[in-house]
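>>> Sequence first, predicted model second:
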Amino acid sequence: MRIVIIGASRFGTATATRLSENGHEVVMVDHDAERLDALTEELDCGMIHGDGTLPSVQRDAFGDHADALVALTNQDDVNILAAAVGRSVGFERVVPQIVRPELLAVCEELGLKDLITPHATVARSLVDVIEDHNDATLDLRLHKGLQVMGYQIGKQRAGKRVCDLDMPRDSKVIAVTRGEDESLVFEDTELQEGDLLMIVAARGVKSELDSLFDTD
């Protein structure tokens, strides 16, 4: 298959590497020429410098035929726009990465059904591990009706630790996105302004979480 990847992020690079190793033809598109140059020795794929949301750039990447377009930039809105444009260009399949849960409804309205939701995937895996091991030392009592939510840290909580957050019962901070990096968090993880926290919680505490982070 010929697959076009929008965004030379770490996730995009890892995906391109795996696809190439599996014998697929990959084209990487990114607006950062220096980033693409740095990846030329690491990736065995085509490289196109340009704005991946533009039809002209996508048509160049599409060539005579392409099977799928995968939008893996670190910006949800860019991924959504790239996917919508890709569909009009003629890609058989478009797959955007979406981090913020509140944008899932937008994707549904646009008919974008194939989504990559890394935080939700990590959350499901983590909860499965926790429940399978039945580890009583982990204060996480979430079973049915789980949801994954993202909240951004503002100036008020910058410098504080995860354990300083007055989290509602049946909720747990499990990961953080900081720039291009995504990692699990611990009670002593220090927060920075702009961090996007991934929280697994029972659906009944969403309003409490909204109120908690709206004050930041």
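Yes, it's here. Residues are numbered from 1 along each chain as shown.
>>> what's the domain layout of the protein?
As assigned by automatic domain parsing, the chain contains the domains 2-116, 119-214.
>>> Which SSE is immediately downstream of the helix or strand bottoming out on mean pLDDT in the chain?
Every helix and strand of the chain was ranked by mean pLDDT, DSSP states H and E. The lowest is helix 118-133, at a mean of 57. Using DSSP states H and E, the helix or strand that follows helix 118-133 in sequence is strand 146-152.
>>> Give me the helices and strands touching that next one, please.
helix 118-133, strand 196-202, helix 206-214 (3 or more Cβ pairs under 8 Å, 6 or more residues apart in numbering; DSSP states H and E). For every residue, glycine as well, the C-beta is placed using N, CA and C.
>>> Adjacent strands (with direction) for that strand?
Sheet partners assigned to strand 146-152 using DSSP bridges are listed as strand 196-202 (antiparallel).
>>> neighbours of residue 98, just the number please.
23 (other Cβ atoms under 10 Å).
>>> thought it was touching residue 105?
No. When contacts are counted by Cβ atoms under 8 Å, residue 98 is not listed as touching residue 105 (10.6 Å).
>>> What segments of the chain are strands?
2-6, 25-30, 46-49, 68-71, 93-96, 146-152, 171-178, 181-184, 196-202 (DSSP state E).
>>> Any chance of those strands in JSON lines with distance to residue 160, mean neighbour count and mean pLDDT as columns?
What follows is the strands of the chain, written out as JSON lines (distance: least, Cβ to Cβ, whole Å; neighbours: other Cβ atoms under 10 Å; pLDDT from 0 to 100):
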{"stretch": "strand 2-6", "distance to residue 160": "35", "mean neighbour count": "26", "mean pLDDT": "95"}
{"stretch": "strand 25-30", "distance to residue 160": "34", "mean neighbour count": "23", "mean pLDDT": "95"}
{"stretch": "strand 46-49", "distance to residue 160": "40", "mean neighbour count": "16", "mean pLDDT": "95"}
{"stretch": "strand 68-71", "distance to residue 160": "33", "mean neighbour count": "26", "mean pLDDT": "93"}
{"stretch": "strand 93-96", "distance to residue 160": "32", "mean neighbour count": "23", "mean pLDDT": "89"}
{"stretch": "strand 146-152", "distance to residue 160": "14", "mean neighbour count": "18", "mean pLDDT": "77"}
{"stretch": "strand 171-178", "distance to residue 160": "12", "mean neighbour count": "20", "mean pLDDT": "82"}
{"stretch": "strand 181-184", "distance to residue 160": "17", "mean neighbour count": "12", "mean pLDDT": "72"}
{"stretch": "strand 196-202", "distance to residue 160": "12", "mean neighbour count": "22", "mean pLDDT": "82"}
